[in-house]
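# Got a predicted model here, sequence first, then my questions.
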Amino acid sequence: MLALVLGTAAMLKVSYQDTVRQQKTTLRNLSIAFSAQTLIVAQAVDEAMREVERSDIPSSRTGPVRLDDADVQGAAREYLLGLYVFDRQGRLLATAMSSGAAPALPADAGQPGAALQVSISAIDPTTGRGIINVVRPWRDAAGRRLGSVLAQVDSERFERIYSLVELGAGGSVTLLHRDGTMLVRGPTLPHNIGKSFSHTPLFRRYLPHAGRGAFETVSPVDGQVRLYGYDAVGNYPLVIISGMNKSVALASWYGRLWTAVSLLALVCMVAVFLAWRVARDARRQQALIARLEASEARAGRSAGYLAAILNAVRTPIWVLDGERRLVMCNEAFARFVGRPPAEIAGHAEAELFDPDGTAERERRYARVLASGRAEEAPGTVKDSSGDARTVIQQTSPLLDAAGQVQLVSLLTDVTERERAEAHLAYLANFDALTGLPNQAHFRHLLGAELADAAARGTQLGTLVVSLARLHEISDLLGIDAGTAALRELGSLFQSQLPRAAGVARIKDGEFALAVHAHHGRGELEEFAIALHRRLSQALSVDGREFFVGPRIGVSVFPEDGQDADELFRRADSARNRNGLEGDTIHFFSESAQFDLDERLTVEAQLRRALERGELRMVYQPKVAIGSGRIVGLEALLRWNNGKLGDVSPVRFIPLAERTGLIVPIGAWVLEQSCRQVAHWNAAGAGLKVSVNLSPRQFDRKDLIPMVGRCLRDSGIDPACLELEITETALMGQGGEVDALMHAIRALGVELSIDDFGTGYSSLAALKRFPVQRLKIDRAFIRDLGRDDDSAAIVRSIVNLARNLKLGVVAEGVETEEQLAILRGLACDDYQGFLFSRPVEADAVPALVERNRAVFA
């Protein structure tokens, strides 16, 4: 038990150290990635400053000169708030990309010998966001200092990027100046922005010795123990540090700790219980011998009385004299050796009982006689039928009536108990149905093979195989047929040995294999293909042929993991990954794992978005091309999550479609849009709103009642509502689509086909559907003026709509050139950034009022 405790403690210590080391490596790599991103921005800003420095900046007495913003290219445009040129006296000479009042040159700018200075100012005490000032000396061709170039960068852009990474409670990504000043932190800590942390271990101990690394320390912010990884940002006076609470980093290790402690406690309890049982049996046997001795003393020479007692005991008992001849025995001993009791007395023990063990017994008898104490000894002997039995022989010294020393022995048969224990041990490690190792034993086997592969420097593949259609056998032919099929499949997997280093049945119709790949990944691919081909063949059961539908997931050591649990989990994850039709062998992919993690995170937050009130509506105007008047609004959904921030509709709408969440969200959107247009029109706005319907909503039987309820509850005129349905959704529906659209029109609601031109609409369908307008997809509008094919497509759609007496709306209009072309093609309406981006609901009345004032 002590060895188990020490071994478990050593294993947990190594696991703890590995976990901490892996988390430090992850944080360091994360810091390197953010450092690279920050370096790109810093180089872009630096290059923009150098470009301004190279510009011809005349000295003006009337005020600063405005430089051409087009000179600023690349990533710098997204981050810069402005560029400013000052002379040596701090007077502003020129500006670029500036939209507000010119700032003053920072007080510490222009220090002698400083090539580049970074500081932060204008820190918002509520949000912690500020302006990062980057100052570079302005010199002439001869190297003489003429003044300074100041670039101002919005820290909010960096904060949003750093906040994208989920590092658990207390985790953060921080941009610091090399002098210790905190510039940006995601998530933000407003009261610490601009504060110096030069006294921390990062700046005192680690950064002076290495530009990148990882360490563990107590956080100077809140006193929590955290793991950190850091990386200096190129040659700039900046450093990125990523931190994670140590408790978060060790979450998986804590799980292994409790599992190991629980298993250790269970093993110790079993060992104590077994020891107690053996001790109890020994005590009982010793008590019995003591009673026998007492009975012999009281009964004197009454052999009959003693024989009755002995025969009442079912355990073999016999007494030997000094020459090792039997003096007496009970009936149980006679049955054990297979002779009548009358023929046994006087015979040598070796003639009756286990002659092969005579020498060992004689040594034991000598010890008993020498010590005068009883002794127990386990062993294996054969009974009268020749069966080997596991026994415990207990021998004690005994004095006869004449004072001669004799030996009395008692034989306890523990064969059945050992068999039961062996069977329990077998069931704990093997599948009773197929005889293959089970999942727990397979992980032990896989661990051993991993150690062998690591020692040899070769690859090892972990394959998880599921037979998706195996249940069809028992469903059709019954449980017995399904069991027979499983045994046959177990034999098939067993036949993969020794090519496979280990084979196991995991559960139901799932199996696992460990395969060495001495010649690289291609060897694993060949094995997986061959196994899949064999499993894909027909399985004959009771004269019927079945196909079990194998799917195989593969992970490879050392690329995909270092331990058995990780490799098994990743192979199982690869098996569950959706692939192309017929693509049923999947190797683990890190990108697929990351996509899955991100999708599940977004999905978990989206499921409670309505409950938390995180969704809101914005509205984009539709404008008549001929008159320029606003003729309607399109309702668009936006999501701001406290954990994920602003989430793009491109990211969460498809996920809502896949999970079915789009149904309650879509109902909420329609309800909110109807209430909003009712509010506007009550004030005399006279607006019309269009709402997108998802294919999932279009499939539901309660769509018409839901639309009718929204109209009644809001009290709006049905003509003020338009429902947009994508062309792909319409063409993908069955014959019910026609009746459904006519039912919507019967409510007085108008219909339009969204993203027209991207699907496969037939003229017959367009003629039959009761739609009022077509919306040209933005993909065709984007290339107007640059691509003749796009113009031809738009012209064809407009002409088609005219012939069918339908209105036409162009989406995504962003330039005057596009609008002019659409006007020439006689398109009816348009919407896009050219007129207005989507606006909040409370901004719509003012926007409409301004538009109407133009035409008043």
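Noted; the coordinates are in hand.

# only C-alpha atoms for contact and neighbour calcs from this point on.
Fine.

# Report all helices and strands that the lengthiest helix in the chain contacts.
With DSSP state H setting the assignment, residue counts place helix 2-54 as the longest helix in the chain. Counting contacts by 3 or more C-alpha pairs under 8 Å, 6 or more residues apart in numbering; DSSP states H and E, helix 2-54 is packed against helix 76-79, strand 131-139, strand 145-154, strand 212-218, strand 225-232, strand 238-245, helix 246-249, helix 251-299.

# Hmm, residue 616 is touching residue 639, no?
Yes: using C-alpha atoms under 8 Å, residue 616 makes contact with residue 639 at a distance of 6.5 Å.

# the more surrounded of the two?
Neighbours per residue, other C-alpha atoms under 10 Å: of residue 616 and residue 639, the larger number sits with residue 639, 20 against 16.

# And that one, its phi and psi?
Dihedral angles of residue 639 (phi, psi; degrees, to the nearest 10) stand at phi -130, psi 120.

# and if you look at residue 810?
Here the main-chain torsion angles of residue 810 (degrees, to the nearest 10) amount to phi -100, psi 130.

# Grab the nearest non-local neighbour of it.
Sequence neighbours aside, residue 830 is the residue nearest to residue 810 in space, at 4.5 Å (criterion: C-alpha to C-alpha, 6 or more residues apart in numbering).

# Could you do residue 378 as well?
Leaving aside its sequence neighbours, residue 378 is closest to residue 392 (4.2 Å, by C-alpha to C-alpha, 6+ apart).

# Who is that neighbour paired with across the strands?
Beta-bridge pairing of residue 392 under DSSP bridges involves residue 378, residue 412.

# For it, grab the count of nearby residues.
What residue 392 shows, counting by other C-alpha under 10 Å, is a neighbour count of 18.

# Quick check, it in contact with residue 375.
No: between residue 392 and residue 375 there is no contact, the gap being 10.2 Å when judged by C-alpha under 8 Å.

# now residue 38: how far from residue 185?
13 Å (C-alpha to C-alpha, to the nearest Å).

# for residue 88, same thing?
For residue 88, the distance to residue 185 under the criterion C-alpha to C-alpha works out to 34 Å.

# So for those two, which residue has more residues nearby?
The residue with the greater number of neighbours, taking residue 88 and residue 185 and applying other C-alpha under 10 Å, is residue 185; the counts read 28 against 14.

# Just the element for that one, please.
Following DSSP states H and E, one finds residue 185 within strand 182-186.

# With residue 793 instead?
When elements are defined using DSSP H and E, residue 793 is found to belong to helix 788-803.

# any idea of the angle the strand holding residue 185 forms with strand 238-245?
Between strand 182-186 and strand 238-245, the angle formed by their directions is 40 degrees, by axes from the mean of the first three to the mean of the last three C-alpha atoms, to 10 degrees.

# Within the sheet, what are the partner strands of strand 182-186, with directions?
With DSSP bridges as the criterion, the sheet partners recorded for strand 182-186 are strand 172-177 (antiparallel).

# pLDDT on the strand it pairs with, on average?
Computed over strand 172-177, the mean pLDDT rounds to 92.

# With stretch 779-792 instead?
When pLDDT is averaged along stretch 779-792, the result is 86.

# got the CA positions of it in PDB?
In PDB, the C-alpha atoms belonging to stretch 779-792 read as follows (Å, rounded to 0.1, in the frame of the first residue of the first chain):
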ATOM      1  CA  ALA A 779     -22.200  39.900 -55.300                       C
ATOM      2  CA  PHE A 780     -23.400  41.300 -58.700                       C
ATOM      3  CA  ILE A 781     -23.600  44.900 -57.600                       C
ATOM      4  CA  ARG A 782     -20.100  44.900 -56.200                       C
ATOM      5  CA  ASP A 783     -18.500  44.400 -59.600                       C
ATOM      6  CA  LEU A 784     -20.600  46.900 -61.500                       C
ATOM      7  CA  GLY A 785     -18.400  49.200 -63.500                       C
ATOM      8  CA  ARG A 786     -15.500  46.700 -63.400                       C
ATOM      9  CA  ASP A 787     -17.100  43.500 -64.800                       C
ATOM     10  CA  ASP A 788     -19.200  43.400 -67.900                       C
ATOM     11  CA  ASP A 789     -20.700  40.100 -66.900                       C
ATOM     12  CA  SER A 790     -22.100  41.500 -63.700                       C
ATOM     13  CA  ALA A 791     -23.700  44.400 -65.600                       C
ATOM     14  CA  ALA A 792     -25.200  41.900 -68.000                       C
END
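
# start at 39 instead
Right, with 39 as the first residue, what we last looked at is stretch 817-830.

# Relative to residue 263, how far out is residue 255?
For residue 255, the distance to residue 263 equals 6 Å [C-alpha to C-alpha].

# All the strands of the stretch 789-894 of the chain, in order from the start?
With strands called from DSSP state E, counting those that start in this stretch, the stretch 789-894 of the chain shows them at 811-814, 845-848, 867-868, 877-878.

# Need those strands in JSON lines (columns: distance to residue 281).
Formatted as JSON lines, the entries for the strands of the stretch 789-894 of the chain read as follows, by distance: least, C-alpha to C-alpha, whole Å:
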{"stretch": "strand 811-814", "distance to residue 281": "48"}
{"stretch": "strand 845-848", "distance to residue 281": "48"}
{"stretch": "strand 867-868", "distance to residue 281": "49"}
{"stretch": "strand 877-878", "distance to residue 281": "37"}
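
# quick one: which of these is nearest residue 199?
strand 877-878 (24.5 Å; C-alpha to C-alpha).

# That closest one pairs with which strands, parallel or anti?
For strand 877-878, the pairing partners within the sheet under DSSP bridges are strand 653-662 (antiparallel).

# any residues touching the strand it pairs with, and which ones?
For strand 653-662, the external contacting residues (C-alpha atoms under 8 Å, 6 or more residues apart in numbering) are 647, 667-678, 707, 710-711, 866-870, 873-879, 882.

# so what's the closest residue in space to residue 846 that isn't next to it in sequence up against?
Distance criterion C-alpha to C-alpha, 6+ apart; nearest residue to residue 846, sequence neighbours excluded, is residue 812 at 4.9 Å. Applying C-alpha under 8 Å, 6+ apart, one finds that residue 812 lies in contact with 790-792, 794, 839, 844-847.

# I'd like to know which of the residues you listed is nearest to residue 730.
Looking at the contacts of residue 812 and their distance to residue 730, the nearest is residue 792, at 8.3 Å (C-alpha to C-alpha).

# Next, count neighbours for the nearest residue to the closest one once chain neighbours are set aside.
The spatial neighbour of residue 792 that comes closest, neighbours along the chain excluded (C-alpha to C-alpha, 6+ apart), is residue 764 at 4.4 Å. Using other C-alpha under 10 Å, residue 764 has 21 neighbouring residues.
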